[in-house]
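Chemist: Provided below are the primary sequence and the corresponding predicted coordinates.
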Amino acid sequence: MEDRKVVVYSSKNDSLKVSLRKVWEYSALVWVFAKRDIKVKYAQTIFGFGWSIFKPLLGLLIYVFFFGLVLNWNTGSIPFPLYVLTGLIGWNLFTYIVSNGVSSVQESNDLIKKIYFPKSILPLSKTVVGLIEASISFLLLIPLLIYYEQPIVGKIAFFPIVLLFNVVCGLSLVFFISSLAIVKRDLLQVIPFLLNMAVWFTPVFFSIDILPEDFQFLMIYNPIANMIDLWRWVFFENIAFQLVWGVNFLIMSLFLVVSFYYYTLKENKITDFA
Amino acid sequence: MKSNIAIEVINLVKTYSLRSQSSDGKGEFKALDGVSFKVEKGQSVAIIGSNGSGKSTLLKILAGVTKPTSGSVAISGKVASILDVGAGFHPELSGRENILVNGQLLGFSKKEITPKIKDIIDFSGIGHFIHEPVKNYSNGMFLRLAFSIVVHLDFDVYLFDEVLGVGDAEFREKVKKVFTDFGKTIILVSHDFNEVNSYCRTSIQLSKGRLLSVKSLTGEFSSDKFPNINSPSEYLIFDEGKIYFELEEEENTMVINLKTVFNFKTISEFNWFIYLRDINGAVITSIIEYSKLSNSYYIDDYTLINRIVINKRILRSSTYSLSFYLCKEGIHYKKQLTDRYYFTLKNPNQSIEYECSKCGPIYYPNM
C-alpha cells in the first residue's frame, strides 16, 4: 500500500510533455468512449452497422446522378463514381472529426464536471469513431474498384500516411477551434456552415480542372484539398506526386502541435465555463 | 509529502469570473479563499458548512475536475471522485456494459474490473436486469449499481458529494458497513449530521470560502458518550439561549424534560419542533411543543419547562437522535440548532400495554 502515486493539482499549466503523457495515461478512455459511441449510435436500429454503408451510398448516388450524369463533369481517367467516392470518404472523415470533435466537449459537459480526464481524449475518441466509419465505407469502395477493374497500385502502401494526414487536418482544427470557443461559443455556430462551404473549395466531387485558372490557387493552398488529392493518389495510377502535398502535411502537423498545446493551456477553463 | 498523509491542501484559492458585476464592483467571486489542511491515511473527514461555503468547489479541486486559481493539492493514491451518483453512466448501455465503462472512467483497466463484475452485480441486487439498458432502471437500481461499482473497486481515497444517502435503509447500511470496515480515506460533503456522524471522525467547517474550524467529532456526536438514557442533564446552546434536557425512562414511556433559558425576555412566543430519528436518519416521530400549551410553563420570564412523553412501543433498543428546531412566527420558519443529541436505548420494555387514543404514540400530559 505504500509508495502510492502522488497527484498534485495546482494553478500551474502542464508542459507539452506532461500533457502528452497524461493523454497517454488515459488513452484507454479513447477506446472506451469510441466503443460506447458506436454501441449507442446503432442501439435500437434494425440495420445497425448497415447505416454506415447506406449513408455514403445515398450521397454517392446523388452526386453521381447530378454531377456525373446530368452535368457530366469530367474526372479524366478515373471513373466518376470512384472519383467521388474516394473524395467523399476522405471528406466525410475530415468533417466527422471536425464537427463531432468540436462538439464532443459540450456533449460530455455533465461528465467532465464530475470526473477528471484530459479533455483531448474526447476529440481523439471521435477520431477513432470516424476512422471506423471510414473503414466501413471501404465495403462500398472495394466492390466499386473491382467493378471498374482498377489495378491495385503499389502506392497503396502509403495509405496509412494519407489517413494520418486526414486525422492531422481534422484534429488540428478541432483543438484550435475548441480552445477559442471555451468562453464565447460563437465559433461553434459557424462550423457547420463553414464545412458546407468548404466542400466547394475542395475537389470532392469535381476535378480542379473545371475551375477557371484564376481560381485554381484556392485548391493549391487549401490543405484539405491537398489531402483529398493525396487520397486519390494512393488509389489510382496516372497521378503524379506533388511536393506541395508533403509541404502541406508538414505545415498541418506543426499546426496540430501548436493547437494541441494551446488547447492544453486553455483546457482547465473548460469545466469552469461548461 | 509524508507517507502517512493522504491529502495535503495548501493555501487553496479558487476564483470564478462572473458574467455580471458583483455588489462590490468586482467581476469575480472567491469560492475558496486560502484553505489549508491535511488528511491522514485512513482518516474520514466531513466537510461541512452552509450552502455557498465552498464545499463542493473544494471537492471539485480535490477530484481534479477544476483547477485552483492558486495554491495546491497533493493526493496520494487512487481517487474515487463520486461528485454525482452514476456520472458517466450511459442510458443506452446495459448495466453490465456500464460497469466496464464506469470502472474505466474511474481509472481502472478492463482486466482489473472484469473479475469483480460478479461481485458488483451481486452487491447491487439488480439480478438479471443487468443486461437491460440503464435507461429502463428505476432510480433505486441506478443508484445501487453506481455505488456497487465504487464500493468494489480498490480506491485509496473516496470523495463523496452528498451522495451517501442513496438507496433504501438496507442498502445504505450495507454501503456504510463496507466503508467503515475498510478504513479508507474518505472526504465527505454533507448536510446530514447523522451521515457525518456515522462516517466521519473529523469535521472541517467552511464558511464563505474560508476554513472555520477543524473539529474532532469523537465524543461530540458519538452515541458512546451517552450510553444510558438516564444521562445527566445535557444542554445545547443556540443564538437565543440555551436548552437543557434530561431523559427519564419510565416503565412504558420515555420522558424528555426540556428547560429552555432565553437570553432575552422578548421571546415569549415560540414553538419547539423536535425530530426523533433512528440511526439511519429516518424520522420516527416529530413533536411540536407550543409554548402556550398547558404542558409547558414558565418559571420566570426567561425560563420555560416542557415535558414530552414518548411511548416506548415505537422504539427498539438502538441509538436515536433528537434534533431541535426553534420555530418562530408559526411553524413555517424553522431554525435548526446546530448540534444533535444522541441517546441509546438499551432495554425497552416491549410488552407494554398502553393506550392513548387521542394522540397515538405521543401525548402531552398535564404537569
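Modeler: Done, it's in. Numbering: from 1, shown residues only, chains lettered A, B, ... in the order given.

Chemist: make it CA atoms for all contacts and neighbour counts henceforth
Modeler: Will do.

Chemist: Show me what counts as buried in stretch A:49-67.
Modeler: Neighbour-count burial for stretch A:49-67 flags A:51, A:52, A:53, A:56, A:57, A:60, A:63, A:64, A:67 (criterion: 16 or more other CA atoms under 10 Å in any protein chain shown).

Chemist: meant to ask about stretch A:164-182, not that
Modeler: A:165-182.

Chemist: so does that stretch get close to chain B?
Modeler: No - in terms of CA under 8 Å from any CA of the partner chain, no part of stretch A:164-182 sits within range of chain B; the closest distance is 13.6 Å.

Chemist: So which residues make contact with that stretch?
Modeler: With CA atoms under 8 Å, 6 or more residues apart in numbering or on different chains as the test, stretch A:164-182 has contacts from A:90, A:93-95, A:97-99, A:101-102, A:123-124, A:127, A:187-188, A:223-224, A:227, A:249, A:252-253, A:255-257, A:259-260, A:262-263, A:266-267, A:269-270, A:273-274.

Chemist: hmm, 6 Å instead?
Modeler: A:94, A:97, A:98, A:101, A:102, A:256, A:259, A:260, A:263, A:266 (CA atoms under 6 Å, 6 or more residues apart in numbering or on different chains).

Chemist: Could I get the average pLDDT for that stretch?
Modeler: Mean pLDDT, stretch A:164-182: 92.

Chemist: cool, stretch A:219-239 as well?
Modeler: 87.

Chemist: Over to stretch A:45-52?
Modeler: The model assigns stretch A:45-52 a mean pLDDT of 82.

Chemist: From residue A:272, how far out is the residue positioned nearest the centre of chain A?
Modeler: Nearest to the mean C-alpha position of chain A, by CA atoms, centre = their mean, lies residue A:94 at 2.7 Å. According to CA to CA, to the nearest Å, residue A:94 and residue A:272 sit 29 Å apart.

Chemist: before we move on, what about residue A:37?
Modeler: Residue A:37 is 25 Å from residue A:272, by CA to CA.

Chemist: Next: residue B:142.
Modeler: 28 Å.

Chemist: Of those two, which one has the most company?
Modeler: residue B:142 (21 against 16; other CA atoms under 10 Å in any protein chain shown).

Chemist: near chain A, which residues of chain B show up?
Modeler: Selection of chain B residues close to chain A by CA under 6 Å from any CA of the partner chain yields B:64-65, B:68-77, B:83, B:87-88, B:92.

Chemist: before we move on, back to that, what about the buried residues of stretch A:164-182, which are in strands?
Modeler: Among those, no member is found in strands (DSSP state E).

Chemist: Filter these down to the ones in helices?
Modeler: A:165-180 (DSSP state H).

Chemist: Going by distance to chain B, which of those residues wins?
Modeler: residue A:179 (16.3 Å; CA to the nearest CA).

Chemist: about what we covered before: in strands, which of the contacts of stretch A:164-182 fall?
Modeler: Those of these lying in strands (DSSP E): none at all.

Chemist: Now, of those, which are buried?
Modeler: Buried among the contacts of stretch A:164-182 (16+ other CA under 10 Å): A:94, A:97, A:98, A:101, A:102, A:256, A:259, A:260, A:263, A:266.

Chemist: Quick one: mark the members of those that sit in helices.
Modeler: Going by DSSP H, the helices hold A:94, A:97, A:98, A:101, A:102, A:256, A:259, A:260, A:263, A:266 from the buried ones among the contacts of stretch A:164-182.

Chemist: closest to chain B among those residues?
Modeler: residue A:266 (11.2 Å).

Chemist: And the closest one, how far from residue B:156?
Modeler: Residue A:266 is 30 Å from residue B:156, by CA to CA.

Chemist: quick one, what contacts residue A:186?
Modeler: Contacts of residue A:186 by CA under 6 Å, 6+ apart: none found.

Chemist: So what's the gap between the least confident helix or strand in chain A by mean pLDDT and the chain middle?
Modeler: When each helix and strand of chain A is scored by mean pLDDT, DSSP states H and E, helix A:217-220 comes last, with a mean of 78. A distance of 20 Å separates the centroid of the chain from that of helix A:217-220, by CA atoms, centre = their mean, to the nearest Å.

Chemist: residues in contact with the residue nearest to the centre of chain A?
Modeler: Per CA under 6 Å, 6+ apart, neighbours of residue A:94: residue A:170.

Chemist: Any idea how many residues pack against the closest residue to residue B:88 other than its chain neighbours?
Modeler: Closest residue in space to residue B:88, ignoring its immediate chain neighbours: residue A:111 at 5.6 Å, by CA to CA, 6 or more residues apart in numbering or on different chains. By other CA under 10 Å, the residues close to residue A:111 number 20.

Chemist: Distance-wise, check the residue nearest to residue A:48 when sequence neighbours are not counted relative to residue A:35.
Modeler: Closest residue in space to residue A:48, ignoring its immediate chain neighbours: residue A:42 at 5.0 Å, by CA to CA, 6+ apart. According to CA to CA, residue A:42 stands 11 Å off from residue A:35.

Chemist: any common contacting residues for these two?
Modeler: Contacts common to residue A:42 and residue A:35, judged by CA under 6 Å, 6+ apart, are absent.

Chemist: which bits of the stretch 51-200 of chain A sit near chain B?
Modeler: Counting by CA under 6 Å from any CA, the stretch 51-200 of chain A sits next to chain B at A:111, A:113, A:114, A:116.

Chemist: ok, and the most crowded of the residues you listed?
Modeler: Those, ranked by neighbours (other CA under 10 Å): first place residue A:114, 23 neighbours.

Chemist: Check whether it sits in a helix, strand or coil.
Modeler: coil (DSSP: H, G, I helix; E, B strand; the rest coil).

Chemist: How about residue B:309?
Modeler: Classified using three-state DSSP, residue B:309 is strand.
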